[in-house]
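A.B. asks: Structure for this input, please:
(2 chains)
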Amino acid sequence: MLMATADSILGVPTPCAPPGNGLLILLAAMTPEQLERVFASLTASFPKEELLIAAPDAIADALPADSYPSLRIVTAPASNSAWTLTAADFVSAYQLAEKHEARAILMLGSASGSLGSSALRELANAVLDPTDLALPCYELPPHAGLINSAILYPLTRALFASRVRFPLAVDLGLSLRMAKRMADAAQRFTAINQGQTPLWPVNEASVAGFAIDQFDVNPSVQPTAPELNTILPLLIGPLFSDIKAKAAFWQRFRPLPPARNTMPMPLAPTADTAADIAPMLSAFRLAYTNLHEIWSLVLPPNSLLMLKRLAATDAAAFRISDSLWARIVYDFLLAYRLRTINRGHLLGALIPLYLAWVASHFNIIASGSDPEGHIEAVAAAFEAEKIYMLSRWRWPDRFNP
Amino acid sequence: MKKPASATDPLWYKDAIIYELHVRAFADSNGDGIGDFPGLLARLDYLQDLGVTCIWLLPFFPSPLRDDGYDISNYVDVHPSYGTLNDFKSFLDAAHQRNMQVMIEMVINHTSDQHPWFKAARHALPGSAAREMYVWSNTDHLYKDVRIIFTDTEKSNWTWDDTAKAYYWHRFFSYQPDLNFDNPLVMEEVLRAMRFWLDMGVDALRIDAIPYLVERDGTSCENLPETHRVVKTIRAAIDADYANRLILAEANQWPVDVRPYFGDGDECQMAFHFPLMPRIYMALRQEDRLPITDIMAQTPAIPANCQWGLFLRNHDELTLEMVTADERDYMYIAYSNDPRMRVNVGIRRRLAPLVDNNRSRIELLISLLLSFPGTPILYYGDEIGMGDNIYLGDRNSVRTPMQWNSDRNAGFSKCDPARLYLPVVMDPIYGYQAINVEAQLSDQSSLLHWNRNMIALRKLFQVFGRGTQQFLNPENRKILAYLRDLDRGDGSHETVLCVANLSRFAQPVSLDLADHNGAEPVEMLGYVPFPTITEAPYVLTLAPYSFLWLELQPPSGKPA
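C.D. replies: I've put the predicted structure just below:
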């Protein structure tokens, strides 16, 4: 049995020794194999240091005794989400950090064992001093992480002036004050039993003026997320709500930090991973007919006209322009804020449009273009169209071009 | 006995404010639920107060009324629902006493299939004069590629007649057979009908569907040289016997194809500028002046004694025939998200609903209507912002009873509401309780008062009806700016700078007015002096949907 410091069930407080380097590492639920990898990475990252690990009970019991003598394991509540960090996770993280007098927290997901020891070290060092929020820049296959590429990253970049490529990373580092800020933000949700709501650390850090940094990590496989019809509303709804809550901040233009010198190159698509866009286009075309009435409540005539033309476009030539996509996302954001229609229906109506974007993105990749280059172009389009969104946010009037 | 012209100026139509109305929709005097001439006569003071100088009456002739009177069965009488010939004469005289001219419809392209001419033609021998009053064929292959106009209801321009054992040609509904202008008898009858009304004192004739008068195989059967010969003949006949009359061409065509209907000043004096109208709405929605300036650039010069007829809405659908396919798609999406709002190739909505009942937009569009080169034509009810009823069939959505007050039937009629020719608009936004003349007369801030004031202002300056137009092209395309100029003939000019903000947000604009260096702009609505023009760019800021009319007065010699 590993050394474990557990709370006494008799309520007698047990003195908690602060971690030697001030770092608390909070692990998500993971399989024994995943845990082995994480522990191996951690011990390689911090060879001479004793690490304080907070993990669900099941993990604590799963490892053989004395495998990792430098790791001190404490119990942490298990997260109900394997693919994203939730409000409840941030509350737990801060409570644990306070309890153990940690100065910084590293929150690691189930696949974090693949991040690499140097990446873990960089994340940890960053939040120990002077960064408040450290995030990994994952190297993913070009067909992976597309909701992030299409919506989360461009929106966060345009509105919060942050170049963090993966704003909803499941692995990240937090300074203590950042952890407190996240916990405070999370309380609004945990207090009304919505602890599974994803939160947006990059947005919070930007508004607070905290330091943010990101670090390249090894190629990794992300946790399996729910299917699209579930995940898109689960992510986009909370993001839109967060943007709405922080409207006073992003009304003003702020300069972007300089682009990073290194960007991860996506793994090349292989023949067996080449995407079949036919089902996506079929879904889009069907939605053009069936959802046109809902889209016409959200999108202006110019966008509807362009979608009409796209619906008639051959698969090989199918391209959504970056500016059109940016405007579509912005218009859905506006409709979400104004409750133009039921929010569930609204976000459902976005799915076929997202699929159209994905099909377009795949066509661009297939033509030989650099996938990351296209995503950067999309992000730039979101920045350029911010004025479009600002004017409609400040004066919602459906009589517009 | 011929009555002399009521207008003394041969070019009276250039300064006119035309008001289009349907007798049946305006005012009912006898409680049968249908408007009539005595009712209209009783409302002439209202029109005079508004500033109207010419009333355009939609067809009031005997008719089976399957196309709202455009299917005529007798050209020289009044439908009994609207009154008698004497009622019409009384109305005509009353209008003239108020210095108002009257324009009536001449639907000469076709008649009702209940017209005695057609009834006779069906039975007449092929080739006979009676038969040849209309266009017949043994097959439906003649003129085979000619487009269908009423696409919602007609599948062919030919219909088989079992009595005549032949097909007859109709560019519109199948119960509206086309007259055959290749038959001299047709022209005789048409001129006889025109003289009937002109003798009575009618001031103007609107020639309905003028492009389609003559057919030739292998052509589009529109705008043919033979058609223009017909028009010239009509004009010559009218000019020979009547002074100061007007022929207005209804030719829904591209400007270059409408131009010939003016001839060399020897065809129609006026023609509607159809293509401009949808582009005004497009420019407003897109917040870009380009649709307007583009079509005006394509508008050819017309003879000095001729005039464009400008309008925002009329009794028909907002036609989208003279726009590109992309523009049509845009207009459908932008202005008729409910398919019920569409009919044929157009949108059957009134002015106010088209612009979401936004007062600023309505005022902006009317400011363009009143300041663009041409004669403005107002559609009844738009001066108070009447709404429409898209649940009524065909184009009846925009032909509902005039809303006079908040009493029963909107004050249009005292009859049982079920008896009305069409129900009054009664929704919470445009319903007669909210939108009516009586309420707006007592509200100094109403749209009605605004329209009255703007019309009065326009009538003070001949430049609007008779002057030239020169567009300025500021960098900001949300601004539409143009100069209207009239050479008074005594060396002086009347010059007005019109600036309109097509955007829903405030806009800055910098205008190059160096050619008018030294001129002193005076804002016309309130006589407010603006800074003197210099050679430097003239900077203005315009509120959302606002417009400025600035008279450029000559330097007064006052110190700056």
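A.B. asks: near chain B, which residues of the stretch 251-400 of chain A show up?
C.D. replies: Contact residues (Cβ under 8 Å from any Cβ of the partner chain) of the stretch 251-400 of chain A with chain B: A:293, A:296, A:301-302, A:304-305, A:308, A:391, A:395, A:397-400. Just so you know, the C-beta spots here come from the backbone N, C-alpha and C atoms, and that holds for glycine as well.
A.B. asks: Apply 10 Å and report the result again.
C.D. replies: Within reach of chain B by Cβ under 10 Å from any Cβ of the partner chain, the stretch 251-400 of chain A has these residues: A:292-293, A:296-297, A:299-305, A:307-309, A:391-392, A:394-395, A:397-400.
A.B. asks: hmm, which of these are the buried ones?
C.D. replies: Using 16 or more other Cβ atoms under 10 Å in any protein chain shown as the burial test, these include A:292, A:296-297, A:299-305, A:307-308, A:392, A:398-400 as buried.
A.B. asks: B:Ile55: what secondary structure?
C.D. replies: Going by DSSP: H, G, I helix; E, B strand; the rest coil, the secondary structure assigned to B:Ile55 is strand.
A.B. asks: ok, it touching B:Leu44?
C.D. replies: Yes: if you go by Cβ atoms under 10 Å, B:Ile55 and B:Leu44 touch, sitting 8.3 Å apart.
A.B. asks: Compare neighbour counts for the two and give me the winner.
C.D. replies: Set B:Ile55 next to B:Leu44 and count neighbours by other Cβ atoms under 10 Å in any protein chain shown: B:Ile55 wins out with 26 against 17.
A.B. asks: tell me the least confident of the buried ones among the residues of the stretch 251-400 of chain A next to chain B?
C.D. replies: When those are compared on pLDDT, A:Arg398 comes out lowest, with 84.
A.B. asks: which ones among the buried ones among the residues of the stretch 251-400 of chain A next to chain B are found in helices?
C.D. replies: Counting by DSSP state H, the part of these found in helices is A:His292, A:Ser296, A:Leu297, A:Pro301, A:Asn302, A:Ser303, A:Leu304, A:Leu305, A:Leu307, A:Lys308, A:Arg392.
A.B. asks: And those, which is closest to chain B?
C.D. replies: Minimum separation from chain B among those (Cβ to the nearest Cβ) is found for A:Pro301, which lies at 3.8 Å.
A.B. asks: And that closest one, how close does it get to B:Met187?
C.D. replies: Distance check for A:Pro301 against B:Met187: by Cβ to Cβ, to the nearest Å, it reads 47 Å.
A.B. asks: same question, B:Thr227
C.D. replies: 12 Å.
A.B. asks: and whatever residue of the stretch 451-560 of chain B ends up closest to chain A, what is it in contact with?
C.D. replies: Per Cβ to the nearest Cβ, B:Arg504 is where the stretch 451-560 of chain B lies closest to chain A, at 5.7 Å. Residues counted as contacts of B:Arg504 (Cβ atoms under 10 Å, 6 or more residues apart in numbering or on different chains) are A:391-392, A:395, A:397, A:399-401, B:284, B:287, B:358, B:360-361, B:478, B:544-545.
A.B. asks: Helix or strand: which one has it?
C.D. replies: Following DSSP states H and E, there is no helix or strand that holds B:Arg504.
A.B. asks: and it, backbone torsions?
C.D. replies: The phi and psi values for B:Arg504, taken as degrees, to the nearest 10, are phi -80, psi 0.
A.B. asks: same thing with the one 3 residues further on?
C.D. replies: For B:Gln507, the backbone dihedrals (degrees, to the nearest 10) come out as phi -140, psi 140.
A.B. asks: can I assume it is in contact with B:Glu475?
C.D. replies: No: at 11.0 Å, B:Gln507 does not count as touching B:Glu475 under the criterion of Cβ under 10 Å.
A.B. asks: Nearest residue to the middle of chain A?
C.D. replies: Nearest to the geometric centre of chain A sits A:Leu168, at 1.3 Å (Cα atoms, centre = their mean).
A.B. asks: Give me the phi and psi for it.
C.D. replies: Residue torsions, per degrees, to the nearest 10, at A:Leu168 are phi -110, psi 40.
A.B. asks: residues in contact with the helix or strand containing B:Asn86?
C.D. replies: For B:Asn86, the host element (DSSP H and E) is helix B:85-97. The contact list for helix B:85-97 (Cβ under 10 Å, 6+ apart) reads B:3, B:5-7, B:23, B:29, B:36-42, B:44-45, B:47-48, B:52-55, B:57, B:60, B:76-78, B:82-84, B:100-102, B:104, B:196-197, B:200-203.
A.B. asks: so B:Leu540 sits right up against B:Val499, yeah?
C.D. replies: Yes: if you go by Cβ under 10 Å, B:Leu540 and B:Val499 touch, sitting 6.2 Å apart.
A.B. asks: which residues do the two both contact?
C.D. replies: In terms of Cβ under 10 Å, 6+ apart, B:Leu540 and B:Val499 are both contacted by the residues B:Pro474, B:Ile479, B:Ala481, B:Gln507, B:Val509, B:Leu511, B:Leu548, B:Leu550.
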